[in-house]
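Novice: below are the sequence and a predicted model; questions follow.
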Amino acid sequence: MLVINLVRHGEVFNPNHVVYGDLPGFDLSPLGAQEVHQTAKHLAPVPIDVVLSSPLTRARHTAAAISLHHDGIPITVDPRLTEFGMYPEWTGLKWDEVERRFPVELESYLEDATSVPHAAESVDELFNRMMASVTDAIDDGHRSIVVVGHQDPIQALRLGLVDRPLSDLRRDPPGHASVTTITSNDGVAFVEDSCWNPEITNL
C-alpha cells in the first residue's frame, strides 16, 4: 500500500497580518510550535520512508519535529513544495491592503482559484509541481511518504490525488499542523482515509 501523509505547517507568528508567501523570516508562533509537537507525536507510530518539505522555515521546522520523533529520518527539502505563487504582488502586503488594492482578484481567489485573472501560477501548475515531487519519491521506491507544506499547495495536492476538482481549493482547507492521510492500493486510485488536527488546550 502507498500511504501519503499531507502535513500543513503549524501556525505562524504574524501579528501584522501580512501576506507572507515565500518571504523569509516567518517562523512558527508559540502555538504553532505546540501544534507541530502534537503532529510529530501523532505520526510517531506511523512508519515513514521519507519526509519531503518545503524550503520555507515554518515548513522545515514542522518537518524537523516529525523527523525528531522518527530517529532523525532525513528530510528532503524540495523547492517544488513552496508556497502558491498565484499573485507575487500580494507578498508583503497586509490582507486589508490586498482587499483594497486587488478586490476582484481576491474575490476570485476566494470563490474559485482556478478562474482568477492574470495569475502568475495557476492551480493546475501548483498541483503539477507538488505531484512531481511526490512522484519522484514514489519512483525512488518510497511507500510511506510525509509531505510538509503550506495551505494551498497541500490542498491542491490533496484534491488532485483523490480526483476532486481543483476549484475546491478554498473549501475545507487543511488546518495548521493537520495531517491528511491518503492511500492507494495500486498507485493510481487514491482515497482520503482521514484528516487529523491537533488540539491545544492551553499555552
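Specialist: All right, it came through fine.
Novice: average pLDDT for whichever strand or helix holds residue 5, rounded please.
Specialist: According to DSSP states H and E, residue 5 maps onto strand 2-8. The average pLDDT for strand 2-8 rounds to 98.
Novice: CA atoms of the next helix-or-strand element following that strand as PDB?
Specialist: Using DSSP H and E, the helix or strand that follows strand 2-8 in sequence is helix 30-43. Taking Å, rounded to 0.1, in the frame of the first residue of the first chain, the C-alpha atoms of helix 30-43 are listed here in PDB:
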ATOM      1  CA  PRO A  30       4.500  29.600  20.200                       C
ATOM      2  CA  LEU A  31       1.100  28.000  19.400                       C
ATOM      3  CA  GLY A  32       2.500  26.600  16.200                       C
ATOM      4  CA  ALA A  33       5.400  25.000  18.000                       C
ATOM      5  CA  GLN A  34       3.000  23.200  20.300                       C
ATOM      6  CA  GLU A  35       0.900  22.200  17.300                       C
ATOM      7  CA  VAL A  36       3.800  20.600  15.400                       C
ATOM      8  CA  HIS A  37       4.900  18.800  18.600                       C
ATOM      9  CA  GLN A  38       1.500  17.200  18.700                       C
ATOM     10  CA  THR A  39       1.700  16.400  15.000                       C
ATOM     11  CA  ALA A  40       5.000  14.700  15.500                       C
ATOM     12  CA  LYS A  41       3.600  12.600  18.300                       C
ATOM     13  CA  HIS A  42       0.600  11.700  16.200                       C
ATOM     14  CA  LEU A  43       2.900  10.500  13.400                       C
END
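Novice: tell me the helix or strand right after helix 30-43.
Specialist: Toward the C-terminus from helix 30-43 - assigned by DSSP H and E - lies strand 50-53.
Novice: that following strand packs against which elements?
Specialist: helix 57-68, strand 75-77, helix 123-139, strand 144-149 (3 or more C-beta pairs under 8 Å, 6 or more residues apart in numbering; DSSP states H and E). All C-beta atoms are positioned from the backbone trio N, CA, C, and that covers glycine.
Novice: how about TSV for those, with mean pLDDT added?
Specialist: Output for the helices and strands packed on strand 50-53, formatted as TSV (pLDDT from 0 to 100):
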stretch	mean pLDDT
helix 57-68	97
strand 75-77	97
helix 123-139	98
strand 144-149	98
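Novice: dump the residue contacts of residue 69.
Specialist: Remark: with contacts taken as C-beta atoms under 8 Å, 6 or more residues apart in numbering, residue 69 is in contact with 40, 41, 43, 44.
Novice: burial check on the first one, number of neighbours?
Specialist: Read that as residue 40. Residues lying near residue 40 (other C-beta atoms under 10 Å) number 21.
Novice: can you check the last one too?
Specialist: Other residues near residue 44 come to 12 when the count uses other C-beta under 10 Å.
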